[in-house]
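Asker: Fold the following for me, if possible:
(4 chains)
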Protein chains: 2
Amino acid sequence: MITAEQKFEEFLKSKELKYTSERKLIIKTIFSFNKHFDIEELFERLRKQGNNVSRATIYRTIPLLIQGGLITETLHCQDKTSYENIFNKEHHDHLVCINCGKIIEFYNEKIEKLQEEVCRQHNFVPIEHRLGIKGYCEDCYKKIKGEVK
Amino acid sequence: MITAEQKFEEFLKSKELKYTSERKLIIKTIFSFNKHFDIEELFERLRKQGNNVSRATIYRTIPLLIQGGLITETLHCQDKTSYENIFNKEHHDHLVCINCGKIIEFYNEKIEKLQEEVCRQHNFVPIEHRLGIKGYCEDCYKKIKGEVK
DNA sequence: TTCTTATTGCAATTAAGTCTCAATATCATT
DNA sequence: AATGATATTGAGACTTAATTGCAATAAGAA
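Answerer: Sure thing, here's the model as predicted:
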């Protein structure tokens, strides 16, 4: 069973790039919190651990992690660009609460199959897809229903 | 049959906002080119027409057009935030070619229904959704297949 | 250990988007 | 048509995210 770190190291080797201590720290840190994150969060986390990796290095490492298939940019939910770990995870889509920001992950086989069908109909070769549904989670909907009108 | 401009005017009136000449120019210009656009394109277009509307005003008008249901932010495809006209258009999703940038719009009733079902299962109240599939269009796939390995 | 080359951090820079504020335009009312 | 309350505008300063150039440094193959 290969780890995320090993996968990243192999990816770098295949591109003749170096597995530096900064890159090790970045990937370790990302995989130590199992949720969506943005650059600032990652930077802060590293700083609190006493690992001063510069923002520039973080910005330069993110595209490598994406190319290596370890993380992906998430839907542009609010304002900031954020990322999520996709290593050893099944593909999934998102329900995003526009009130509290909660993210519910789901996977629906039938939707996946239908997407493939749509692609075939248009002679389109899919590489990646994203489905995001924005709305209100159960709790927030209850709250808001009370307030409005 | 109501026009986009009328709908916008009514929306503004309902919010006790003013239908200024700048806002008229902006909506007219957006609806004169029937495709996805970004702020810079809109700004340039207005400037070439001899209508100098400031960037600040454009940035302030965009959220009003979104709230009024006239445009929507498109998937964050490349780098820039872009928008598309949704007035008098059926809801649709996108196939986006990552080589040439072509956008194919599609609508699939079954996918829509399944999304509703997923929301019900999670007691989630959907407001809006976006499905974008990135990949290669027919032409680009043919080209690339020749080049790679 | 040596040496080539990638990488880093810093600080300057670019770019998108927001904000402030005085001047102005809108539009309901007179 | 004139008035007046208030929303809106443009200019430019400002904020924040992200990128870049460059000298110093680290990786890792030989």
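Asker: biggest strand in chain A, by residue count?
Answerer: strand A:125-136 (DSSP state E).
Asker: could you dump the helix-or-strand element of chain A with minimal mean pLDDT to CSV, C-alpha only?
Answerer: When the helices and strands of chain A are scored by mean pLDDT, DSSP states H and E, helix A:138-147 comes last with a mean of 83. Extracted C-alpha coordinates of helix A:138-147, given in CSV (Å, rounded to 0.1, in the frame of the first residue of the first chain):
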residue,chain,number,x,y,z
GLU,A,138,-31.0,21.0,7.2
ASP,A,139,-30.1,23.1,10.2
CYS,A,140,-29.7,26.4,8.3
TYR,A,141,-32.9,25.9,6.4
LYS,A,142,-34.8,25.6,9.7
LYS,A,143,-33.2,28.7,11.0
ILE,A,144,-33.8,30.7,7.9
LYS,A,145,-37.4,29.6,7.4
GLY,A,146,-38.1,31.2,10.7
GLU,A,147,-36.5,34.5,9.9
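Asker: what angle separates it from strand B:125-136?
Answerer: 130 degrees (axes from the mean of the first three to the mean of the last three C-alpha atoms, to 10 degrees).
Asker: what residues does helix A:138-147 touch?
Answerer: With contact meaning C-beta atoms under 8 Å, 6 or more residues apart in numbering or on different chains, helix A:138-147 is reached by A:C97, A:N99, A:C100, A:K102, A:Y136, B:H122, B:N123, B:F124, B:V125. (C-beta placed from N, C-alpha, C; glycine too.)
Asker: Test for you: state the pLDDT assigned to the closest residue to A:N51 other than its chain neighbours.
Answerer: Nearest residue to A:N51, sequence neighbours excluded (C-beta to C-beta, 6 or more residues apart in numbering or on different chains): A:L25, at 4.9 Å. In this prediction, A:L25 carries a pLDDT score of 98.
Asker: related to what we said a few turns ago, mind checking if the longest strand of chain A is in reach of chain B?
Answerer: Yes: using C-beta under 8 Å from any C-beta of the partner chain, strand A:125-136 comes into contact with chain B via A:V125, A:P126, A:I127, A:E128, A:H129, A:R130, A:L131, A:G132, A:I133, A:K134, A:G135, A:Y136.
Asker: quick one on the thing from earlier: pull out the buried residues from the contacts of helix A:138-147.
Answerer: A:C97, A:Y136, B:F124, B:V125 (16 or more other C-beta atoms under 10 Å in any protein chain shown).
Asker: Could you dump these into CSV with pLDDT and distance to A:K18 added?
Answerer: Below are the buried ones among the contacts of helix A:138-147 laid out as CSV (pLDDT from 0 to 100; distance: C-beta to C-beta, whole Å):
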residue, pLDDT, distance to A:K18
A:C97, 86, 41
A:Y136, 92, 47
B:F124, 97, 45
B:V125, 96, 49
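Asker: Nice, that's everything, thank you.
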